[in-house]
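**Q** pasted the sequence and its predicted model underneath.
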Amino acid sequence: MQPRFSFSALTVAMTIALTASQATLADDLKKGDQVETIQIIGDSQAAQKVPGSAHVVSETELEEFKYTDVNRALQQVPGVYIQLEDGLGLRPNIGIRGTGTGRSGRVTLMEDGVLIAPAPYSASSAYYFPTFDRITGIEVLKGPAAIKYGPFTVGGAVNLISRQIPVDAQGQLKLELGENNERRAYAYYGDSSDNFGYLIEANKHVTDGFKTIDRHGDETGFDKDDYVAKFRFNSDYSADVYQQLDVKIQHSTEDSDQSYLGLTDADFAANPYRMYGVSALDNFDGEHDQYVLSYYADLSDSFDLRVTAYRNETARNWYKTGAFIMDDPLNPGTSTRYSWSSIINEINTGGSNATYFQSILDGADSPNDRIEITDNNRNYISEGIQASFEWDFTVGEAQHDLQLGLRVHEDEEDRFQRNSYFIQENGTLVLDQADAWGTAGNRVSSAEANSYYLVDTITYGDWIFTPGVRYEDVDLKREDWANATDRSAAPSVRTNSASEVLPGFGALWLLSDNTSLLFGVNKGFAPPGNSPTDKPEESWNYEMGVRFAGESYNSELIAFYSDYDNLLGECTLSNSGCSIDEIGDRFNGGAAEVKGLELRVVGKFAENWLGSFSYTYTDTEFASTFDSNVWGPVENGQPIPYIPENQMQLSFGYDNSEWNIFTNLNYVDGTCTKPACGAFQQTDDRFIVDLASEFDINDSTSIYATIDNLLDDDSIVAREPYGARPDKPRTARVGVKFNF
């Protein structure tokens, strides 16, 4: 796919901005007031004034538990659901207010306000996720508050905040050791002068993992490296127009021994941290690069302009076992391909081949039957230019903050894959045949999207209104060379497109200095797949609630309701039973309803004692009967998979500025993994307790310790992909921080 724009377009935009106005910047702009462009909401106090559901997890809150897993950090945000998978947080599955959780493919994921999914429109599954060790904050927007941050506006948006360039010279070195040979080293240093600022950041995170492979005992963890460089160039503060240019370059690699193959229920009960020997060769090899160039101009006291050009390059090859090929002894030359998902189900339900399949998983020889391992090799590009213009003005007694934004975006997913076949001999995999590259998938999916939004925040007396509209125009294409080993022949091509006008409205009524009511409605949207029969995901979303901001605590209670006209399902190997040819496709799922309640209380309940409580109640159901490649047979009234009815989090601790100790308790109902919710289609209730403590040795040095899963809960937290899976067991870590 050849881009229709380049970074030279940014130069044109900057030139226009520089000549647009020569207004005077406010006289009180001083060193340290550099404009922060990576945040959407700001802080928790700003979130209280948003006419819609908005939550901020600050750097201070993230530091309480030293989490390196975004799944655990997001537990405190109501209305957010997590489908656990590897226990390490490598590829989170995030959903918001009833959206699907698989690979976070139904939420808008951003880092510093820039889309970060490898191909958000053409292949939205997030096989890349930023190294959470370096994230300093999380912003979550739901309902009409997310209208500016598409393409996914049904549930909402998640913005991860990376470390900012410091105002004064500062740095940190963090060294950490943990169980399972976990090691982490993190360092940053940055400084600012009158016209220049910079930040250099490096992170190394290694662990052997907490699972053991039969007969191999090999590591099942990961090795991740992540490096970030940021540079800021800004004009003098006395200039007529304050201008700022930010450059961000990020590079990361991941080598992880992760498999899609889980366990049968009987094997899970015996040892939840076991891995079958047939997955001994499974490995994820990934690389990601991001380039961001962002320009800001304070054109006057009333006008601001931001222009950002970005490019994300992601490459991954997930070499993993996907099937078992069993010869038919009664019909020589013929064979049947069994997915491991179907094999696990056959064993769980005592099917006719259960005994033989179990023997293969236990290491028996397979002289005539073969284990298929696929090089799931894919390359992604996501690039674009986005701009926003903000105008503050007053009409009568109403104060307006008018924001106009646009984004021109292109992305693509390039699949070029092959299968290899192994025989199991003496419990070891022996190569039998390797197919040519391309024979297990040779295709390119791409998308071109233009999006625009107009939102006016109107403050009138005790009211804040946010009428707004978003427009999405998407063209999708798939070029498929089937199983060819090259691309010399003409591919089969299919295309699809969607154009949607997405209105939204939010209102906040300030009843008093500390109490407010809110209401919101917006039309939700998710882009369709590239098949001409695919329709966009559409819904109407409503919310209403009350907020209270006291001297010692803040609270919020919000009821929400989403009415889907068409719920999309996406075929992925990680969460569906789709065939190989259907992987990546999206399917119309018909009508559905989601309703629920969110409660959040945060505050200080005694001197030096802090606490927070979150609770989410959710009721979901399909509103039609149909057959689905993603969910299987669906009947009217059945629940949407992996959305718990009840989940809650309680965190409390003591902090006297010299030492602290915090406890986090998290409960999640068991969920249905398929709409039928039958035997072997449910997860367990889970109750997780985490502890963390830190002690300051002096002004620059501190030590800390954490224990995740203190009670060593080993419940089934997921059944996708391919069988029962646990969260990580009780895991302790110790570390030291040097600030300078």
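**A** Sure, I can see it. All values reported here derive from a predicted model rather than from experimental measurement. Numbering: from 1, shown residues only.

**Q** separation between the residue nearest the centre of the chain and Ser122?
**A** In the chain, the residue lying closest to the centroid (CA atoms, centre = their mean) is Ser104, at 4.9 Å. Here the criterion is CB to CB, to the nearest Å. By it, Ser104 lies 16 Å from Ser122. All C-beta atoms are positioned from the backbone trio N, CA, C, and that covers glycine.

**Q** and the residue nearest to the centre of the chain, backbone torsions?
**A** The phi/psi pair for Ser104 (degrees, to the nearest 10) reads phi 50, psi 30.

**Q** contacting residues around it?
**A** Under the criterion of CB atoms under 8 Å, 6 or more residues apart in numbering, the neighbours of Ser104 are 92-95, 117, 125-126, 129, 158.

**Q** and with 7 Å instead?
**A** 92-94, 126 (CB atoms under 7 Å, 6 or more residues apart in numbering).

**Q** now the strands for the stretch 401-550 of the chain?
**A** Ranges of strands in the stretch 401-550 of the chain, per DSSP state E, counting those that start in this stretch, are 418-425, 428-434, 442-460, 463-480, 492-510, 515-526, 537-549.

**Q** what's the most buried one of those strands?
**A** The highest mean neighbour count among the strands of the stretch 401-550 of the chain, using mean count of other CB atoms under 10 Å, belongs to strand 515-526: a mean of 22.

**Q** what does that one rub up against?
**A** 51-52, 106, 143-144, 147, 150-154, 472, 500, 502-511, 536-548, 562, 568.

**Q** mind listing the strands it pairs with, and their directions?
**A** strand 492-510 (antiparallel), strand 537-549 (antiparallel) (DSSP bridges).

**Q** give me the distance from the last one to the chain's centre.
**A** Right, strand 537-549. 21 Å (CA atoms, centre = their mean, to the nearest Å).

**Q** cool, and the first one?
**A** For strand 492-510, the distance from its own C-alpha centre to the chain's C-alpha centre is 20 Å (CA atoms, centre = their mean).

**Q** tell me what angle it forms with strand 463-480.
**A** 170 degrees (axes from the mean of the first three to the mean of the last three CA atoms, to 10 degrees).

**Q** and what of the last one?
**A** For strand 537-549 against strand 463-480, the angle by the same axes, to 10 degrees is 150 degrees.

**Q** for strand 537-549, what does the pLDDT average out to?
**A** Mean per-residue pLDDT for strand 537-549: 94.

**Q** do the first one as well
**A** The average pLDDT within strand 492-510 is 96.

**Q** show me where this structure has helices.
**A** 8-20, 44-47, 59-65, 70-73, 265-270, 340-348, 354-361 (DSSP state H).

**Q** these: lowest mean pLDDT?
**A** Note on the helices of the chain: helix 8-20 shows the lowest mean pLDDT, a mean of 36.

**Q** now the strands of the stretch 401-550 of the chain in JSON lines, with distance to Gly363?
**A** Listed next are these as JSON lines, based on distance: least, CB to CB, whole Å:
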{"stretch": "strand 418-425", "distance to Gly363": "7"}
{"stretch": "strand 428-434", "distance to Gly363": "9"}
{"stretch": "strand 442-460", "distance to Gly363": "34"}
{"stretch": "strand 463-480", "distance to Gly363": "38"}
{"stretch": "strand 492-510", "distance to Gly363": "42"}
{"stretch": "strand 515-526", "distance to Gly363": "44"}
{"stretch": "strand 537-549", "distance to Gly363": "44"}
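
**Q** so which of those strands comes closest to Ala692?
**A** Nearest of the strands of the stretch 401-550 of the chain to Ala692, taken as CB to CB: strand 537-549 at 27.2 Å.

**Q** and for the closest one, what's in contact with it?
**A** So strand 537-549 is contacted by 48, 53, 143, 154, 514-526, 554-568 (CB under 7 Å, 6+ apart).

**Q** how about a cut-off of 6 Å?
**A** 48, 143, 154, 514-524, 526, 555-566, 568 (CB atoms under 6 Å, 6 or more residues apart in numbering).

**Q** try stretch 694-707
**A** Contacts of stretch 694-707 (CB under 6 Å, 6+ apart): 66, 658-660, 691-693, 732-739.

**Q** can you pull the buried residues of that stretch?
**A** 694, 696, 702, 704-707 (16 or more other CB atoms under 10 Å).

**Q** just flag the most distant two among these.
**A** Asp696 and Ile707 (20.0 Å).

**Q** re earlier: Produce a ChimeraX select command limited to the buried residues of the contacts of stretch 694-707.
**A** Buried members of the contacts of stretch 694-707, defined by 16+ other CB under 10 Å, are picked up in ChimeraX with:
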select :66,660,691,692,693,733,735,737
